[in-house]
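Student: Just the structure for this:
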Amino acid sequence: MAVTACFLILLCEGFDLAMFGSIVPSLRSYGAWDLSAEMIGYMGSASVLGMLCGAAVAAWLADRVGRRPVMVGAVIVFSLAMGGGAIAPGPEVFLLLRFFVGLGAGAVMPTAAAALIDSAPADRRNQFSAMGFVGVGLGGVLAGLLSLWLVPAYGFRAMCAVGLLPLLMTPYLFKAVPESTAFLQARGRRGEAARVAADLGFELDPHAATSPDRPAQRPGEGKRLSLVFGQGRGLGTVLFWGATLFCLLVTFGVSAWLPDLLHGAGYSLSVSLGSLVALKAGAVGVLGAGWLADKFGQKRVVLCTYLCTAVSLAALSLAPPPPVTYALIALLGLGTTGLQTLINAYVGSYYPERARATGLGLNLSIGRIGGIVGPSYLGFLVSAGFGLDSKFYALAIPALVGACLIALVPRPRPMASGHAAEPADTPVGTGT
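Tutor: As a prediction, this is how the structure comes out:
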């Protein structure tokens, strides 16, 4: 039930985030608003800014009210914001609603990831995570398929109205998503924690028991930061920040503008909207890429995936026939959404376990700046009248820079205690 619930939540999140790219042609042709390319770029960036804020809010709230209410509350927030777009009276309100879509989505992702890991047996955590996070890509596929029918017939407001449907699932989600046993024990609710652990098939950690007035102690922030930047990891940490920033710049730029770029290049509307289906379907290929990372090393696979991203973007600038275009876009899907999943696994393996969450959190927070910039960056190029080739090359260059940054990531030095840190290029997990 936990995996199913997280999969459904992430499916809805993937739909909401991918939906924007499918409605850009409709927004641009909506005469009542007369939107500029810059305004549409701001709309795309607003959701990413919301995701940055949502992740921070979730981290603060989950420790105080619990993971389950935060996750279900986030679903309610992004569903209402999506549905509000169907009746938005003007572009300013629509932009604000896109921020709240991102706010809910940003709160969902870290809490869902934690719930999947906590619900899994120790030897199947990567598998459980992959099963849940495939929902993000499949949600994008669903958005693309629905847009082929809804957008030409009914416009962008119909796609927004579909975003209300997750509200129907909230009673099931509140029942199916397990609360964190660590949170329950820290609040003195050991009996409830024992029932959750029994349902999940594991035993409680006796050392985690605490009383209501003595919550569980956590490693100091300064100690975690010293592990993130110490033992020769400082340079690698900064390089990961840059690589993630450029990956998310390309990812959100492509997601927001790809259908419009193709439509402007002379492709039919059905081909342009179908590009989102190919883009999100390609992201599912991360399951295979994760297997390759296990076998040949994470650094090699991340670097090759980055290079494939640059090559596919450069090839798309030639405006090839639709079948070739779809194949290149599927490869691009692996090189955007899929690539970020691979980078997350690489970053997670770079740090010792007690600093892993801090390292990942910092990396994603800094990287979101690229996601905020991406849609506006493409919006500027569109409004400035750049040709199709220039727009795709403008995305290929950040991908090449990201590849160079990954190539420069050094191995961390061994831990001071004499135990070796996990080598950064050693196969770890499934890469998901």
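Student: buried set for the helix or strand hosting Ala115?
Tutor: Taking DSSP states H and E as the criterion, the element that holds Ala115 is helix 91-119. Buried positions in helix 91-119, judged by neighbour count with 16 or more other C-beta atoms under 10 Å: 91, 94-116, 118-119. C-beta here means a position set from N, CA and C on the backbone, and glycine is covered the same way.
Student: And for stretch 298-315?
Tutor: In terms of neighbour count (16+ other C-beta under 10 Å), stretch 298-315 has its buried residues at 298-299, 301-315.
Student: these two touch, right, Arg98 and Gly50?
Tutor: Yes. Checked against C-beta atoms under 8 Å, the pair Arg98 and Gly50 is within contact range at 7.2 Å.
Student: and the residue nearest to Gly266 when sequence neighbours are not counted, how many residues sit next to it?
Tutor: Leaving aside its chain neighbours, Gly266 sits nearest to Ala319 (7.2 Å; criterion: C-beta to C-beta, 6 or more residues apart in numbering). The burial metric for Ala319, expressed as a neighbour count using other C-beta atoms under 10 Å, is 15.
Student: could you list every residue that touches Ala319?
Tutor: Listed by C-beta atoms under 8 Å, 6 or more residues apart in numbering, the contact set of Ala319 reads Ala265, Gly266, Tyr267, Thr325, Leu388.
Student: In which helix or strand does the second one reside?
Tutor: Right, the one you point to is Gly266. For Gly266, there is no enclosing helix or strand under DSSP H and E.
Student: quick one: buried residues of stretch 76-92?
Tutor: Buried residues in stretch 76-92, counting neighbours by 16+ other C-beta under 10 Å, are found at Val77, Phe78, Ser79, Leu80, Ala81, Met82, Gly83, Gly84, Gly85, Ala86, Ala88, Pro91.
Student: Apart from its chain neighbours, what residue comes closest to the fifth one?
Tutor: Nearest in space to Ala81, with sequence neighbours left out and distances taken as C-beta to C-beta, 6+ apart, is Phe100 at 3.7 Å.
Student: Leu261 and Leu388 touch, don't they?
Tutor: Yes. Under the criterion of C-beta under 8 Å, Leu261 is in contact with Leu388, at a separation of 6.6 Å.
Student: Can you classify the closest residue to Leu96 other than its chain neighbours as helix, strand or coil?
Tutor: Closest residue in space to Leu96, ignoring its immediate chain neighbours: Ala46 at 7.5 Å, by C-beta to C-beta, 6+ apart. Here Ala46 takes the helix state, with states given by DSSP: H, G, I helix; E, B strand; the rest coil.
Student: Enumerate every residue touching Ala46.
Tutor: For Ala46, the residues meeting the contact criterion (C-beta under 8 Å, 6+ apart) are Leu95, Leu96, Arg98, Phe99, Gly102.
Student: And for Cys6?
Tutor: Each residue near Cys6 by C-beta under 8 Å, 6+ apart is listed here: Ala112, Ala115, Leu116, Gly132, Gly135, Val177.
Student: Would you convert those into a markdown table that also reports pLDDT?
Tutor: Converted to a markdown table, those look like this (pLDDT from 0 to 100):
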| residue | pLDDT |
| --- | --- |
| Ala112 | 77 |
| Ala115 | 74 |
| Leu116 | 72 |
| Gly132 | 74 |
| Gly135 | 80 |
| Val177 | 75 |
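Student: quick one: which of those is nearest Gly21?
Tutor: Proximity of the contacts of Cys6 to Gly21 (C-beta to C-beta) peaks at Gly135, which lies at 18.0 Å.
Student: Is the closest one in contact with Leu8, as I believe?
Tutor: Yes. Checked against C-beta under 8 Å, the pair Gly135 and Leu8 is within contact range at 6.9 Å.
Student: which of the two has more neighbours?
Tutor: When neighbours are counted by other C-beta under 10 Å, Gly135 and Leu8 differ, and Gly135 comes out ahead with 23 against 19.
Student: give me every residue that touches the more buried one.
Tutor: Contact partners of Gly135, counting by C-beta under 8 Å, 6+ apart, are Cys6, Phe7, Leu8, Ile9, Leu10, Leu11, Glu13, Gly14.
Student: No further queries at this time; thank you.
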